[in-house]
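S.K.: model this:
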Amino acid sequence: MTQPLVATRRGGISRKMTEIATFMALHPQGCTPKMISSGTSLNVNTVKSILPKLKNITTIARGFYKVLNGGDTPSTSCGDLSAWNFHNLILSVPIIPGHLCLPKEYNYDLIKLVLTLHEEGRAVICVSTDYPINVSSICILYGLIRELIKQYLDHSLEMNEVKVHTMEFNQDHANLKLDGVNCITLDSLCTQFKIYQKSIGLRIEHKTKVNFNVENMIDMLTGSSTTIDLSARMTEQTERLIKLTGQTVLNTQLLNKLIEARQ
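M.R.: Presented below is the predicted three-dimensional model:
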């Protein structure tokens, strides 16, 4: 009688681990044990005891867990917008000059907001994070700013009113290293594309140069035709950059050999 009970208990733990891992995979921006418990109907203490046993799970803030996608490539394709993260973002929202007095800074540990009011009737919000935040969090960020503005002004912001001025998308590749050069930058009319070495590995980054709004961002994340076009361009640019990086490394090696030969 004892052996089946042990097997059942082990099977139960395995099932719970799978449920937690599946829930976290659907929330790449990160979540708390309470969020996992609510989404899986598991006891919150059970969730807390299982989280340290799961692979590729990291704590990015106290009580906040995130799936860490490491290795030679991210878990999803480079052309998939949901595979990208961001650290910095500049937004602006419409206000009535002289009718709104907002605190200058909001610090939520994970995200920091710095507000600047402009006479032309817009508030500029600089968003920064110490840890990479998945682009899907832009929806949550919009909701947060919407509620903050609503507290001080009787107006509910629409998605197309929140303008995105600058955003840096990035991906980290833990087991890749850039030799020979420190950084490669490609400039275009719409975006700046960079690849450079970080202590944690290789980082690929896109910085937008054209303004768009949160509604555009959500359309891109939900798979509109705009997403397909932008994803294709990102993939094509990434492939060109990889070829350029390889050629640069080769040229550096040849140059070093030439210098050694002359010496």
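
S.K.: in the protein, which strand has the most residues?
M.R.: In the chain, taking DSSP state E as the definition, the longest strand is strand 122-134.

S.K.: buried sites along that one?
M.R.: For strand 122-134, the buried set under the neighbour-count rule, 16 or more other Cβ atoms under 10 Å, comprises R122, A123, I125, C126, V127, T129, Y131, P132, I133, N134. Bear in mind the C-beta positions are built from the backbone N, C-alpha and C, glycine included.

S.K.: okay, buried residues for stretch 41-49 please.
M.R.: Applying 16+ other Cβ under 10 Å to stretch 41-49 flags L42, T46, V47, K48 as buried.

S.K.: surely M159 and Y142 touch.
M.R.: Yes: contact criterion Cβ atoms under 8 Å: M159 and Y142 qualify, at 6.4 Å.

S.K.: direction included, what does the longest strand of the chain pair up with?
M.R.: strand 85-94 (antiparallel), strand 112-118 (antiparallel) (DSSP bridges).

S.K.: for the closest residue to A21 other than its chain neighbours, grab phi and psi.
M.R.: Counting by Cβ to Cβ, 6 or more residues apart in numbering, L54 is the residue found nearest to A21 once chain neighbours are left out, at 5.9 Å. When read as degrees, to the nearest 10, the backbone of L54 gives phi -80, psi 140.

S.K.: any idea how far L54 is from N256?
M.R.: 44 Å (Cβ to Cβ, to the nearest Å).

S.K.: who has more neighbours out of those two?
M.R.: L54 (14 against 11; other Cβ atoms under 10 Å).

S.K.: who touches the more buried one in this structure?
M.R.: Counting by Cβ atoms under 8 Å, 6 or more residues apart in numbering, L54 touches M17, I20, A21.

S.K.: with secondary structure added, can I get those residues in a markdown table?
M.R.: Formatted as a markdown table, the contacts of L54 follow (DSSP: H, G, I helix; E, B strand; the rest coil):
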| residue | secondary structure |
| --- | --- |
| M17 | helix |
| I20 | helix |
| A21 | helix |
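
S.K.: and of those residues, the nearest to I184?
M.R.: A21 (35.6 Å; Cβ to Cβ).

S.K.: just the helices in the stretch 151-263 of the chain please.
M.R.: Secondary structure of the stretch 151-263 of the chain (DSSP state H, counting those that start in this stretch): helices at 214-221, 225-262.
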